[in-house]
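Novice: Coordinates for the following, if possible.
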Amino acid sequence: MTLADIKTITAPSEAEAGERVNIRVSIQNLHNDYMGIMVGGALEYGVIPWPQITFPNNSATFAAWQYYYFEGYFNMPYYPPGKVIKIHAYSYWYGDAGDGYNAWHYDDEMVVSITTVAPEPEPDIIEFLDSRVITLTPVEPEPEPEHVIELLDSQIVSLSPLPAAAIELLDSKIVNLIPGEGPEPEPEPEPEPEKKFPWAGAAAIAGGVGLLAAAQAKGKKKITT
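Specialist: Below is the predicted model:
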């Protein structure tokens, strides 16, 4: 007579090799009173002894006709894709089997199968947009330039650092662009005064004096007695 009845084993139908697989085993207490029930499990896939399934909490005591869910896990064996792994779950009850001793007694078993599948390849950063494949590659940001250099009309134009005054070469002319306060323009040099030579002035004065003396002499008349 079964007292610790395994009702279900919940597990995925397939898993990748090496992947952790979580399972849950549901057991019902068919005794007419509280009873201690324990769960166990193993993987059947060709190796001996069969690897055990880990149940962190593998036993519990609960009332008659109640269910208890035992959580367990294992790592999927490294088998080729398509290989079927069988999971065996076992139940035990604790008590006197009629021999006057309390002990754990094997009671029930259930088997489910999981198929090994190939692992999915690690994808790059790919997006599918409008039926096209786009690969996104990280790009290092470019450093901020100290000076702005532009190529206009096959000519190289140098602009002084912004926001100071910028200079562009457009149509062979220099245009000063002042987006903000720039340096004060240098004042244009004043023309040098015309140089005068002192001997030229002296000659002019002497010439004037001579003309005046000649005029005075011409105006005088000689008086004879």
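Novice: Send me the lengthiest strand in the chain as PDB with only the CA atoms.
Specialist: Using DSSP state E to define each element, the chain has its longest strand at strand 102-117. Provided in PDB are the C-alpha atoms of strand 102-117 (Å, rounded to 0.1, in the frame of the first residue of the first chain):
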ATOM      1  CA  ASN A 102      10.600   3.300  13.100                       C
ATOM      2  CA  ALA A 103      12.600   3.900  10.000                       C
ATOM      3  CA  TRP A 104      12.500   5.300   6.500                       C
ATOM      4  CA  HIS A 105      10.700   3.000   4.000                       C
ATOM      5  CA  TYR A 106      10.900   3.300   0.200                       C
ATOM      6  CA  ASP A 107       7.400   3.800  -1.200                       C
ATOM      7  CA  ASP A 108       6.900   5.300  -4.700                       C
ATOM      8  CA  GLU A 109       8.700   6.300  -7.900                       C
ATOM      9  CA  MET A 110       8.000   8.400 -11.000                       C
ATOM     10  CA  VAL A 111      10.000   9.100 -14.100                       C
ATOM     11  CA  VAL A 112      10.100  12.000 -16.600                       C
ATOM     12  CA  SER A 113      12.400  12.700 -19.500                       C
ATOM     13  CA  ILE A 114      14.400  15.800 -20.600                       C
ATOM     14  CA  THR A 115      16.000  16.200 -24.000                       C
ATOM     15  CA  THR A 116      19.400  17.800 -24.400                       C
ATOM     16  CA  VAL A 117      19.500  20.600 -26.900                       C
END
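Novice: Which residue ranges of the protein form strands?
Specialist: Going by DSSP E, the chain shows strands at 4-10, 14-16, 20-29, 35-44, 59-62, 67-75, 84-96, 102-117, 126-129, 132-135, 148-152, 155-159, 166-170, 173-177.
Novice: List the buried residues in the fourth one.
Specialist: What that stands for is strand 35-44. Met35, Gly36, Ile37, Met38, Val39, Gly40, Gly41, Ala42, Leu43 (16 or more other C-beta atoms under 10 Å). Heads up, the C-betas are built off the backbone N, CA and C, glycines and all.
Novice: What about the residue nearest to Tyr106 when sequence neighbours are not counted, how many residues nearby?
Specialist: With C-beta to C-beta, 6 or more residues apart in numbering as the criterion, Tyr106 has its nearest non-adjacent residue at 5.7 Å, and that residue is Tyr92. Residues contacting Tyr92 under the criterion other C-beta atoms under 10 Å number 20.
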